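# got a structure for you, letters missing:
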Ligand code: NAD
Ligand code: MG
């Protein structure tokens with residue numbers, strides 16, 4: 001028997017990125033369940049035009065009028081032209097559009113905060129890949145979810161794993177759920193075994209050659225410095241109402257266990273799978289149901305062994321900096337995030353050494369005034385100040 005499934009209308013923010021591509025791959029496997037209503041892309045307009053031809057969205061958001069012109073030209077021979085919206089307000093319009101049910105928040109960095117919050121405030125089902133948005137706005141974001149009744153589902157593989165291991169993710173407080181702590185796994189990145197003295201000279205391409213995951217360049221560098229795990233620690237605190245002390249980072253080079261939940265009775269639940277983002281994406285798209293994602297079945301015989309190590313905070317200070325920011329709270333996580341975005345950009349451009357990334361971030365976190373995150377203005381002011389301090393640090397060397 002089985003009842004008819006109603007079609008979910010999707011807005012994919014950051015459709016031209018790595019998460020965007022994996023999302024569209026899962027969606028294409030289930031045309032009876034999902035319809036692409038809106039897409040956004042930032043600079044890769046040829047790719048965006050290709051996606052428009054393939055998925056025929058009703059709306060598309062691009063950064064400016066010149067991009068809109070270019071997209072129109074590229075779609076001249078297409079049989080349907082989408083409405084083209086412009087700028088940050090365009091992103092907010094498609095994210096909150098009354099005809100959209102589900103928003104995949106997959107823009108990278110602080111640029112994703114406003115559109116993601118627009119989706120939250122409109123009460124959408126929000127699939128959160130853009131961890132920086134939650135790291136920056138923390139309590140404000142979670143309060144907006146509560147106030148609007150939005151459904152927030154984590155896409156980050158670790159947080160998606162934890163969500164799957166929690167019997168009742170919505171119950172506030174870890175203690176009420178009988179949880180002792182969260183074990184957040186990390187692959188350790190491409191430099192897990194690189195001696196400290198060699199880290200100084202690693203190149204952007206080496207940093208982006210992740211051993212287990214294929215991702216955008218910013219998150220790849222974050223994975224190499226372990227700032228990604230630091231941001232994820234902060235993300236976990238907000239998503240699961242945990243304190244920083246309740247989240248322990250475990251290096252697990254195979255990236256088969258995506259995270260674990262340790263309960264007071266001694267039970268430890270883990271979620272396993274091949275490292276492929278289509279699994280958490282399919283989970284969140286279909287939750288509480290399950291759908292095929294295209295990911296191959298896990299072959300434990302092939303994997304053979306699972307290993308665990310403590311993170312080395314002497315070689316990877318970003319983890320400590322993020323934990324400290326989580327403990328202090330207020331606008332400090334937004335400051336840390338902004339300083340990191342500038343540092344990563346400079347590293348990718350060849351203007352900053354790998355081991356200078358944490359130095360820049362630490363200096364900015366020390367120099368920025370601590371402030372409570374009372375509203376979004378306070379968060380964006382802290383973000384802007386941190387970016388200015390980071391640029392000053394770069395030019396004063
Ligand atoms: P990516 O660089 O591959 O894609 C980023 C997307 O954001 C692109 O579509 C780009 O056009 C868009 N974008 C970039 N700057 C923008 C701006 N200023 N305004 C509007 N749009 C902009 O990145 P990704 O790897 O897909 O990561 C996206 C987000 O998902 C990040 O927050 C990342 O931390 C998170 N995430 C990614 C993975 C992964 O496996 N790639 C895993 C977990 C979490
Ligand atoms: Mg992750």
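Here it is on my side, so go on. Everything quoted here is computed from the prediction, not taken from an experiment. Numbers count the residues shown, from 1 in each chain. Ligands and ions are numbered 1, 2, ... in the order given.
# what about whatever residue of the stretch 101-250 of the chain ends up closest to ligand 1, neighbour count?
Nearest residue of the stretch 101-250 of the chain to ligand 1: residue 216, at 2.5 Å (CB to the nearest ligand atom). (C-beta placed from N, C-alpha, C; glycine too.) By other CB atoms under 10 Å, the residues close to residue 216 number 17.
# which stretches of this protein aren't confidently modelled?
Residues of the chain that meet the criterion pLDDT under 70 lie in 1-5.
# which ones are touching residue 120?
126, 141, 144-145, 148, 150, 152 (CB atoms under 8 Å, 6 or more residues apart in numbering).
# I'd like to know which of those are part of strands.
Among those, the ones falling in strands (DSSP state E) are 126, 152.
# out of the contacts of residue 120, which is most surrounded?
Ranked by neighbour count (other CB under 10 Å), these have residue 126 at the top, with 27 neighbours.
# Tell me the residues of the chain that contact ligand 1?
Counting by CB under 6 Å from any ligand atom, the residues of the chain close to ligand 1 are 14-20, 41-43, 106-108, 111, 129-132, 156, 213, 215-216, 218-219, 277.
# Out of the contacts of residue 120, flag the one nearest to residue 165.
residue 152 (16.8 Å; CB to CB).
# one step back: spit out the contact partners of the nearest residue to the residue of the stretch 101-250 of the chain closest to ligand 1 once chain neighbours are set aside.
Once flanking residues are discounted, residue 216 sits nearest to residue 18: 4.8 Å by CB to CB, 6 or more residues apart in numbering. Neighbouring residues of residue 18 by CB under 8 Å, 6+ apart: 214-216, 277.
# Please identify the helix or strand for residue 137.
In this assignment (DSSP states H and E), residue 137 forms part of helix 131-148.
# Looks to me like residue 388 is in a strand.
No - Residue 388: not assigned to a strand; according to DSSP: H, G, I helix; E, B strand; the rest coil it is helix.
# hey, where'd the strands end up in this structure?
For the chain, strands defined by DSSP E occupy the ranges 8-13, 34-40, 59-62, 83-86, 102-105, 125-128, 151-154, 179-186, 247-251, 257-263, 268-272.
# ok and the residue in the stretch 151-300 of the chain nearest ligand 2?
Of all residues in the stretch 151-300 of the chain, residue 156 sits closest to ligand 2, at 4.1 Å by CB to the ion.
# Need the phi and psi values for that residue.
The phi/psi pair for residue 156 (degrees, to the nearest 10) reads phi -50, psi 130.
# Can you lay out the strands of the chain as CSV showing distance to ligand 2?
Formatted as CSV, these follow (distance: least, CB to the ion, whole Å):
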stretch, distance to ligand 2
strand 8-13, 18
strand 34-40, 22
strand 59-62, 25
strand 83-86, 30
strand 102-105, 14
strand 125-128, 11
strand 151-154, 9
strand 179-186, 8
strand 247-251, 12
strand 257-263, 8
strand 268-272, 13
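# any idea which of these is most buried?
For the strands of the chain, ranked by mean neighbour count under the definition mean count of other CB atoms under 10 Å, the leader is strand 102-105 at a mean of 27.
# partners of it, with directions?
Sheet pairing of strand 102-105 (DSSP bridges) gives strand 8-13 (parallel), strand 125-128 (parallel).
# got a list of contacts for the shortest one?
Counting by CB under 8 Å, 6+ apart, the neighbours of strand 125-128 from elsewhere in the structure are 8, 23, 101-105, 116, 119-120, 134, 145, 150-156, 281, 284-285.
# which residues touch residue 158?
Counted by CB under 8 Å, 6+ apart, residue 158 has contacts 184-185, 232, 236, 258-259.
# From the contact counts, what lies against the helix holding residue 137?
Applying 3 or more CB pairs under 8 Å, 6 or more residues apart in numbering; DSSP states H and E, we find helix 131-148 packed against helix 113-121, helix 227-240, helix 332-348, helix 376-395.
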